[in-house]
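[1] sequence first, predicted coordinates after that:
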Amino acid sequence: MTDQITELSASALALAIRKREVSANEALDAHFAQIDRVNPHINAIVTLDRDVARHLAVAADILTASGADLPSLHGVPMTHKDTHSTAGMRTTFGSPLFADHVPRHDDLIIERFKAAGVVTTGKSNVPEFAAGSHTFNEVFGTTTNPYDPRLSAGGSSGGAAAALAARIQSISDGSDMGGSLRIPASFCNVVGFRPSLGVIPLQPSRDAWSWLARSGPMAREVTDIALVMSVLAGPDVAAPYPCPVPASRFREPLQRDLTGLVIGWSDDFGLDIPVQKDVLRVLHQQLRVFEDLGATVEQAAPDLQDADEVFSTVRAFDFALAYSELVAQHGDRIKPEVRWNVEQGLALTGADVVSLALARTRLAEKTRTFFSRYDVFASPATQLLPFDAALRYPTEIDGMAFETYLEWMRSACVVSATGLPALCVPAGFSESGLPVGMQLVMNHGQDFELLQVGYGLEQASRHAWRAPELHRLDTRPDIRSDIPAGQLK
C-alpha cells in the first residue's frame, strides 16, 4: 500500500482522500515509511515533526468525515524547503548560525500551502542561505541524487527535488534566483517552475522591490505544478508588484494543440556557454518531439549579451542587503561563497548602478523583440549532468575552466536576468542513465501557457515517469565526511 500511495501524483492523492479511498493518516504513514526507507541514502529531509504531522492528519480525517468542503491539497503530506520560515518548526537556512532557529510566523508560500490543506511534516535540505546549486551545509551535510547517490541533487532546492524523485512526496515548495528550482529539477527528473514576477508574491523583506528571486513549486508532473499554482498564485497586500496571472487560470485544462507554435532553440544561448555533449544529445532528440506535435523549431536565442551583468550585479546587491550584517558579525562561520557575494555587493559603485539600469533596459528590449517572433525560447536547463557530490561545485566543463562558483549555472542565471517565467521539464536520460531537463521560457505573464507547452512535451515524451531504482539504494557513499549527517526526530 505504501508504494501505491507514494507513486500517486498530488492531484490523484488529493482526489483519493476526498473520495475517502485513502485517509490522510494512511497517506502520512506512507510518507513517513518512505522517508525511513530512502532518506538515509540521500539525506533529503533534515527535520521531521511526526507528532505535529499526526495531529494534522487526524484533524484532516475528521474534516473529511464531516462532509465539509475540502481545500485543494487536503490531507497531502509534504516537507518544506529549509529556507522558508515555518511557524513552530526548526528552520535553519542551512546555516550553523540558525541551527536551532524556530520561527513564530510562516512565510507567505507556507501560509498558502497550509491554507490549501497540506499536512506539514518537516523540512528539506538546502545549501547555506540557498547560495549555490549543490546542496550541502555544515548543519546537515550533503543531499545526493536518488538516480545515483554518489552524485549531486542540485540546489538550492536540492532536498526538495531529491524528495520528489525518491517518492517521499508528490509536491514541494522551492525558490529560484539563479536556477535553484530548474537545476535540481533537471538533475532529479522532476519539474521546476519559476513564475513571472508577482504571480507568487515575495515575502516582504528589507527590499520590497526586489525582483530577481522567486518562490515556486516543484512536482513530478506538470499537472501538479498547475494544481499547486492554483493555490499559491494571487496578490498580497504587502507585496508592491501586481499579480499578472489569477489563480483561477491554473485550473483550466492543460491540453493544448501545439500546431503552429514557434520555438527558438539554442545550444549555447548565443553566448558560447559550454554545455556537455551528453546533455545536448538528449535535448536534440526532444526537439523532434516538439516538431512531431506540430511546432516549428528554429535555431534562435534572445540577445542575452547584457544578462551576465544584470544577474551578477543584482545578485551581489541582494546578498549584500540580506547578509552583510551577518557576515560582518560572523564571517568566519559563513561559507565563503556567501561572503564573496556580499563583498561583491558592498563594492558596487554609483557607476555600477547606472550601468545596471541601462543593461537591464537593453535586455528587456531585446527579449521583447525575440518574443515578437517566437512563442517559446528552449534551451538546456543545466550545462552538465549531475556531478560528484563530494565537490563544492564544478570548476570546468569540457576543458573550459571557471573563475567563480556561479559560472557552471549560467544556463539558468542568464534566463533569471530576463525576469521571464521559466519551466524545467524532464527531457530524457543520458547513456549513463542520468536525467536531463529542458528549460522553456515564455513572455511575462504567460505562465499558464508555458505550463501547457511543458505538459505537451511531458505527455509526448513520457520521461517524467521513469523513476529511480530505489531498491538499489542500499548504501550511501561517504560524501563530505567532515560534515555531519542530518538527525531526524
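    That came through fine.
[2] that's a strand at Phe193, yeah?
    Yes - counting by DSSP: H, G, I helix; E, B strand; the rest coil, Phe193 is part of a strand.
[3] contact partners for it?
    With contacts defined as C-beta atoms under 8 Å, 6 or more residues apart in numbering, Phe193 is in contact with 181, 216-218, 225, 229, 421-424, 447, 451. Any C-beta I mention is one placed from the backbone N, CA and C, and that applies to glycine too.
[4] make it 10 Å
    Shown in contact with Phe193 (C-beta atoms under 10 Å, 6 or more residues apart in numbering): 174, 176, 181-182, 185, 199-200, 214, 216-219, 222, 225-226, 228-229, 421-425, 440, 447, 450-451, 454.
[5] which of those fall in helices?
    Those of the contacts of Phe193 mapping onto helices are 182, 185, 222, 225-226, 228-229, 447, 450-451, 454, per DSSP state H.
[6] pLDDT score assigned to the residue nearest the centre of the chain?
    Centroid check for the chain by C-alpha atoms, centre = their mean gives Leu181 as the closest residue, at 1.9 Å. Leu181 carries a pLDDT value of 98.
[7] mind pulling up the pLDDT for the nearest residue to Ala130 once chain neighbours are set aside?
    For Ala130, ignoring the flanking residues on the chain, the nearest one in space by C-beta to C-beta, 6 or more residues apart in numbering is Ser156 at 3.8 Å. For Ser156, the model assigns a pLDDT of 98.
[8] correct me, but Ser156 touches Arg182?
    No - Ser156 is beyond contact range of Arg182, at 11.1 Å (criterion: C-beta atoms under 10 Å).
[9] for those two, indicate the residue with more neighbours.
    The neighbour comparison of Ser156 against Arg182 (other C-beta atoms under 10 Å) goes to Arg182, with 36 against 31.
[10] list the contacts of the more buried one.
    Arg182 touches 133, 154, 157, 161, 174, 176, 191-194, 216, 218, 381-382, 409, 411-412, 415-416, 422-425, 437-440, counting by C-beta under 10 Å, 6+ apart.
[11] ditto for Leu321
    Leu321 sits next to 205-207, 210, 342, 345-346 when contact means C-beta under 10 Å, 6+ apart.
[12] state the helix or strand in which it lies.
    helix 307-330 (DSSP states H and E).
[13] between helix 307-330 and the next helix or strand after that helix, find me the angle.
    Later in the chain than helix 307-330, the nearest helix or strand by DSSP H and E is helix 336-346. If you take axes from the mean of the first three to the mean of the last three C-alpha atoms, to 10 degrees, helix 336-346 sits at 110 degrees to helix 307-330.
[14] ok, residues contacting stretch 400-408?
    Outside stretch 400-408, the residues touching it (C-beta under 10 Å, 6+ apart) are 131-134, 178-179, 183, 272-274, 308, 311-312, 315, 336-337, 340-341, 344, 382-384, 387, 392-397, 409-410, 412-413.
[15] now those residues: which count as buried?
    By neighbour count, with 16 or more other C-beta atoms under 10 Å, the contacts of stretch 400-408 hold 131-134, 178-179, 183, 273-274, 308, 311-312, 315, 337, 340-341, 344, 382-384, 387, 393-394, 397, 409-410, 412-413 as buried.
[16] which helices and strands does the helix or strand bottoming out on mean pLDDT in the chain pack with?
    Taking mean pLDDT, DSSP states H and E as the measure, helix 2-6 is the helix or strand of the chain with the lowest mean score, a mean of 88. Counting contacts by 3 or more C-beta pairs under 10 Å, 6 or more residues apart in numbering; DSSP states H and E, helix 2-6 packs against helix 10-18, helix 24-42.
[17] out of those helices, nearest to Ala301?
    Proximity to Ala301 (C-beta to C-beta) singles out helix 10-18 among the helices and strands packed on helix 2-6, at 33.9 Å.
[18] what is the closest one packed up against?
    helix 2-6, helix 24-42, helix 50-66, strand 171-176, strand 214-219, helix 222-232.
[19] partners of the fifth one, with directions?
    When you say that, I think you mean strand 214-219. strand 171-176 (antiparallel), strand 191-194 (antiparallel) (DSSP bridges).
[20] any idea which of those is most buried?
    Highest mean neighbour count among these (mean count of other C-beta atoms under 10 Å): strand 191-194, with a mean of 32.
[21] Leu8 against Gln34, yeah?
    No - here Leu8 lies out of contact with Gln34, judged by C-beta under 10 Å, at a distance of 11.9 Å.
[22] those two: who's more crowded?
    Ranked by neighbour count (other C-beta under 10 Å), Leu8 and Gln34 place Gln34 first, with 22 against 19.
[23] distance of Leu379 from Val76?
    I think there's a mix-up here, since residue 379 is Ser and not Leu. Ser379 sits 32 Å away from Val76, going by C-beta to C-beta, to the nearest Å.
[24] now swap in Gly179 and tell me
    27 Å.
[25] next: Arg281.
    Going from Arg281 to Val76 by C-beta to C-beta gives 37 Å.
[26] who's more crowded, these two?
    Taking other C-beta under 10 Å, Arg281 and Val76 do not tie; Val76 has more neighbours (30 against 13).
[27] and the more buried one, how far from Ser9?
    Val76 sits 10 Å away from Ser9 when distances are taken as C-beta to C-beta.
[28] kindly report the same for Gly445.
    For Gly445, the distance to Ser9 - C-beta to C-beta - is 27 Å.
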